[in-house]
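# Structure of the sequence below:
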Amino acid sequence: DDRIYRAGECLIIQHVVESDAGRWVCVANNTAGVERMDVVLHVTSPLNVVIQPSGQLTVDVGGKATLTCHVSGSSPHLPATRTWLKDGHVVGPGGEALVLEKVQREDAGMYQCLVRSEDDSAQSSVQLRLGGESPHC
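Numbering: from 1, shown residues only. You can find the predicted model right below:
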């Protein structure tokens, strides 16, 4: 692989990808003996958050809205936590999905999924708009 090569006493890995993670072993030997050094490489990538459906969602009053917060990126040993916000205020548990069973007028607004780890954060948002009204007097 052209990305991985030796330069003197160093092993160079260029353009690291997640599959490079794992245990790497250096073995040196000469007439005096053999030495072995194990190194574990952890590969992280920035958090990325996408809400589905994206952009804007129109739901009729009385209808059901399901917002799903998809998180990618990795940081081993540092779990990420989700927080759902509506118009900047916390609205629910930090699960993968936020479900509004019977949408009412006050449910319209900007929803965000905020994801935080110890060393990174990311967010995504979707605008919930109201469609037709249920026939009520």
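# From here on, just use CA atoms for contacts and neighbour counts.
Noted.
# Residue 50 - that's part of a strand, no?
Yes. Going by DSSP: H, G, I helix; E, B strand; the rest coil, the assignment for residue 50 places it inside a strand.
# Can you pull the domain assignment for the protein?
Listed by the TED database, the domain ranges of the chain are 4-41, 45-130.
# which of those domains is buried the deepest?
Among those, judged by mean count of other C-alpha atoms under 10 Å, the one packed with the most neighbours on average is domain 45-130 (a mean of 16).
# before we move on, back to that, save the domains of the chain as JSON lines, and put in mean pLDDT too.
Compiled in JSON lines, the domains of the chain are given as follows (pLDDT from 0 to 100):
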{"stretch": "domain 4-41", "mean pLDDT": "92"}
{"stretch": "domain 45-130", "mean pLDDT": "90"}
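# Give me the most central residue, this structure.
A centroid search over the chain (C-alpha atoms, centre = their mean) returns residue 71, at 2.7 Å, as the residue closest to the centre.
# Pull the contacting residues for the nearest residue to residue 72 once chain neighbours are set aside.
With C-alpha to C-alpha, 6 or more residues apart in numbering as the criterion, residue 72 has its nearest non-adjacent residue at 5.1 Å, and that residue is residue 48. Residue 48 makes contact with 71, 72, 73, 122, 123, according to C-alpha atoms under 8 Å, 6 or more residues apart in numbering.
# now do 7 Å
Contacts for residue 48 were tallied using C-alpha atoms under 7 Å, 6 or more residues apart in numbering; they are 71, 72, 73, 122.
# Tell me the secondary structure at the last one.
Okay, so that is residue 122. Residue 122 carries the three-state label strand when classified by three-state DSSP.
# Excluding covalently adjacent residues, which one is nearest to it?
If the residues on either side of it in the chain are set aside, residue 122 comes closest to residue 115, at 5.4 Å by C-alpha to C-alpha, 6+ apart.
# correct me, but that neighbour touches residue 82?
Yes. Applying C-alpha atoms under 7 Å, one finds residue 115 in contact with residue 82, separated by 4.5 Å.
# Quick check on the residue lying closest to residue 3 once chain neighbours are set aside: phi, psi?
Closest residue in space to residue 3, ignoring its immediate chain neighbours: residue 14 at 4.9 Å, by C-alpha to C-alpha, 6+ apart. Residue 14 adopts backbone torsions of phi -100, psi 150, taken as degrees, to the nearest 10.
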